[in-house]
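*Asks:* What would the 3D arrangement of this be:
(chains A and B)
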Amino acid sequence: MGTRLKTASLFLVRREPLSSRCDSFSVNTDSSPEVRADELLAIRCQLGERDAFDALIARWHEPIWRYLRRLTDSDDAAADLAQDTWLKVLRGIATLREPASLRAWLFGIARRVAMDRLRRQYARPLENDAMIEDIPAQAADADLERDLAALDTGVDSLPLRERETVSLFYLRELTIEQIAGLLGVPAGTVKSRLFRARNLLRKRLTGDRT
Amino acid sequence: MSPQIKSLHDVRKLAGSELSLKSRLGYVALLLVAAGVTVVIASLWITEPSLPLYTQAAFGAMNLIGVSWVALSIWALVARRPLFARDRVIAGGMAVAFTSLFLAGSFAAAIMAGSETAYAVMALAGMMFAMAIKVQARARRRFNELSARRAELEP
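*Replies:* Numbering: from 1, shown residues only, chains lettered A, B, ... in the order given. Next up, the predicted model:
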């Protein structure tokens, strides 16, 4: 909730140039307490400590689920993809080379799992009504917090690339460089997607048509 | 229950089955036993060239089965139930214990029987023992490195 409120304020209140926002998030270096906590958790998992896996899931399941929910617009799809993501995480964390990059690694896996699903979904022709019924509903989730409903709807309505970048940058607080590595695009592309997303959101939230 | 909380419960359940130490070490035991049996059968097959064709074929089939079990357990340990640092130390200990017993048994058989087969089994058991020692040393080194880093990061 705290992260989302912070995000709302970022979108709705702050108006400074994008470059300054990017710089402030890029400060997320190896020495930050968050990164050290992630690294410690990853190392404890690599050692095979059972309670570390419980802590890992407790810490990261919600952000991953929300990220997947954002990409798929469906609770059920997000739950399925979260299971697949965690399966890969549990099977792959023993060989994670840079435990300090845990956050980017987790979202990288979640993204790959979601993209595989979307690729399969788009590749499959719509043959009958039953399949059409399987398409996730676009309507806003009734459980979403009311005070952030407008923002959520705004983010959901962004094109997939911008939505994904916004989600990783503002909601998951990955750095520009981490997102660039994760999406396999230059940092400049990430910045321009964020810039485009902010403009689109501003227009949608304020009704600005200029 | 919200969809998110339900999903969390599902993931916790999934983790419970995925992280079972018993199943990991079960695959290690399968690998060791399958490798040991395959070595014995292969040694018999290779060192007895004058066996009838049907017996040769039976040895070939048994070897194939043994190799399949070895391949299955390696695949499971790589893709399905990867070993964590602590598990690797335990698995290394199991490997050293198993191969040392195997080596002792084959040594005794070689002394008593003095056959070519017994010496071949002993040589292969010796190789397996050396590999097990190496694997365990590497597992301990990795465990110690991770533990040291963990101590550095511990608040």
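*Asks:* which one is the closest residue to chain B within chain A nearest to, not counting chain neighbours?
*Replies:* Closest contact between chain A and chain B, by Cβ to the nearest Cβ, is at A:G48 (3.0 Å). C-beta coordinates here come from the backbone N, C-alpha and C atoms, glycine included. Excluding the flanking residues, the one nearest A:G48 by Cβ to Cβ, 6 or more residues apart in numbering or on different chains is B:F84, at 3.0 Å.
*Asks:* Thought A:A94 was touching that neighbour, still the case?
*Replies:* Yes. With contact defined as Cβ atoms under 8 Å, B:F84 reaches A:A94; the gap is 5.3 Å.
*Asks:* So for the two, which residues contact both of them?
*Replies:* Here B:F84 and A:A94 share the contacting residues A:45-46, scored by Cβ atoms under 8 Å, 6 or more residues apart in numbering or on different chains.
*Asks:* Between these two, which is the more surrounded one?
*Replies:* Using other Cβ atoms under 10 Å in any protein chain shown as the criterion, B:F84 and A:A94 rank with B:F84 on top: 25 against 16.
*Asks:* could you list every residue that touches the more buried one?
*Replies:* Residues near B:F84 by Cβ under 8 Å, 6+ apart: A:45-48, A:94.
*Asks:* Got phi/psi on it?
*Replies:* Per-residue torsions, B:F84: phi -80, psi 170 (degrees, to the nearest 10).
*Asks:* got it, and A:L183?
*Replies:* According to degrees, to the nearest 10, A:L183 has phi -90, psi -10.
*Asks:* any chance you could map the helices in chain A?
*Replies:* A:2-12, A:18-26, A:33-47, A:50-72, A:75-92, A:102-123, A:129-134, A:149-156, A:160-166, A:176-183, A:187-206 (DSSP state H).
*Asks:* tell me, which of those helices is the model least confident about?
*Replies:* Lowest mean pLDDT within these: helix A:18-26, a mean of 35.
*Asks:* From chain A, how far out is B:K134?
*Replies:* Taking Cβ to the nearest Cβ, to the nearest Å as the measure, B:K134 falls 19 Å from chain A.
*Asks:* host element of that residue?
*Replies:* helix B:116-153 (DSSP states H and E).
*Asks:* Same check on B:M94?
*Replies:* helix B:85-113.
*Asks:* In that helix, which residues are buried?
*Replies:* Using 16 or more other Cβ atoms under 10 Å in any protein chain shown as the test for burial, helix B:85-113 gives B:85-92, B:94-96, B:98-99, B:102-103, B:106-107, B:109-110.
*Asks:* what does chain A have sitting close to chain B?
*Replies:* A:36, A:39-40, A:43-50, A:53-54, A:57, A:61-62, A:65-66, A:69, A:75-76, A:78-79, A:82-83, A:86-87, A:90-92, A:94-95, A:99, A:143 (Cβ under 8 Å from any Cβ of the partner chain).
*Asks:* hmm, which of these are the buried ones?
*Replies:* Among those, those scoring as buried are A:36, A:39-40, A:43-49, A:53, A:57, A:61-62, A:65-66, A:69, A:75, A:78-79, A:82-83, A:86-87, A:90, A:94, A:99 (criterion: 16+ other Cβ under 10 Å).
*Asks:* quick one, what contacts the residue of chain A closest to chain B?
*Replies:* So A:G48 contacts B:21, B:83-87 (Cβ under 8 Å, 6+ apart).
*Asks:* among those, which two are most distant?
*Replies:* B:L21 and B:A85 (12.8 Å; Cβ to Cβ).
*Asks:* Give the phi and psi angles for the residue of chain A closest to chain B, as a check.
*Replies:* phi 100, psi 20.
*Asks:* you'd agree B:A76 is up against B:Y27?
*Replies:* Yes. Proximity of B:A76 to B:Y27 meets the contact threshold set by Cβ under 8 Å, at 4.7 Å.
*Asks:* any idea which of the contacts of A:G48 is closest to B:A130?
*Replies:* Looking across the contacts of A:G48 and measuring by Cβ to Cβ, the closest to B:A130 is B:L83, at 20.2 Å.
*Asks:* and that closest one, what are its phi and psi?
*Replies:* According to degrees, to the nearest 10, B:L83 has phi -90, psi 130.
*Asks:* tell me the contacts of it?
*Replies:* Neighbouring residues of B:L83 by Cβ under 8 Å, 6+ apart: A:48, A:94, B:24, B:28, B:77, B:91.
*Asks:* Swap in 10 Å and give it another go.
*Replies:* Neighbouring residues of B:L83 by Cβ atoms under 10 Å, 6 or more residues apart in numbering or on different chains: A:48, A:94, B:21, B:24-25, B:27-28, B:77, B:89-92, B:139.
*Asks:* now these as CSV including pLDDT and distance to A:G108?
*Replies:* Shown next, in CSV, are the contacts of B:L83 (pLDDT from 0 to 100; distance: Cβ to Cβ, whole Å):
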residue, pLDDT, distance to A:G108
A:G48, 92, 23
A:A94, 91, 17
B:L21, 87, 28
B:R24, 90, 25
B:L25, 92, 30
B:Y27, 94, 28
B:V28, 94, 30
B:L77, 92, 24
B:V89, 96, 29
B:I90, 95, 30
B:A91, 95, 29
B:G92, 95, 31
B:A139, 96, 27
